[in-house]
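Asks: The sequence isn't on hand, but the structure is:
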């Protein structure tokens, strides 16, 4: 059974720092891995999707990498801003429509 | 806005009530999903519909009954719920559920409280 882990559960940093968010998964037989953002009381917004054949994806200040063999992904946020404060979720998709999510990491960027 | 809407946004119900959650997607997608998000737990998939057919039921209790009348609408009918069913219920859609390239688009959720 696939399990996704995100550590730490919460992180508080001053504005301007470069951040690395970690995600690990137990079964490397995945189709893709996605990073989502969730603001309080809101739904999820997809940030980046990495196919199993890819190593990384970039969007603006965000860069996500995937090492399928070791079951790890990182989300890099450059020059963090208060508007980046949210919960970040990692999810992997295996051989069906099913996305398996981690518990998320709550990020607070202080001005 | 994501193109996926959910109503109501908040719902308080007693254990003997019957209520329904509604989800509508305006993205022309063919797959729709119900998820449950409880405090301190990962997001859990409940149901998946592809082209109006249910393709996944993740061992969900029968007090939750989904309905998908067409590819744009998804309902979750609730009856005789328990307090532990209180959670954020999220709806999502994607172009075609079985593809590994799909991105799921989420609605804002319905915050359900069962008294």
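Replies: Good, I have the coordinates. From a predicted model like this one, the values you see are computed outputs, not experimental measurements.
Asks: can we go C-alpha only for contacts and neighbour counts from here?
Replies: Fine.
Asks: So which residue is smack in the middle of chain B?
Replies: In chain B, the residue lying closest to the centroid (CA atoms, centre = their mean) is residue B:34, at 2.7 Å.
Asks: What's the per-residue pLDDT of it here?
Replies: On pLDDT, residue B:34 comes in at 96.
Asks: Can you say which helix or strand has it in it?
Replies: According to DSSP states H and E, residue B:34 maps onto strand B:31-37.
Asks: and the following helix or strand past that strand, which strands flank it?
Replies: Per DSSP H and E, the first helix or strand lying C-terminal to strand B:31-37 is strand B:44-50. As defined by DSSP bridges, the strand partners of strand B:44-50 come to strand B:31-37 (antiparallel), strand B:53-57 (antiparallel).
Asks: most packed of those?
Replies: Each of the strands paired with strand B:44-50 was scored by mean neighbour count; the highest is strand B:31-37, a mean of 24, by mean count of other CA atoms under 10 Å in any protein chain shown.
Asks: now it, how far from the centre of its chain.
Replies: 4 Å (CA atoms, centre = their mean, to the nearest Å).
Asks: now stretch A:98-110
Replies: The answer for stretch A:98-110 is 7 Å, by CA atoms, centre = their mean.
Asks: Show me the helices in chain B, by range?
Replies: Taking DSSP state H, chain B contains no helices at all.
Asks: List of residues touching the lowest-mean-pLDDT helix or strand in it?
Replies: Using mean pLDDT, DSSP states H and E, strand B:53-57 stands out as the lowest-scoring helix or strand of chain B, at a mean of 85. By CA atoms under 8 Å, 6 or more residues apart in numbering or on different chains, the residues outside strand B:53-57 that reach it are B:46, B:47, B:48, B:49, B:68.
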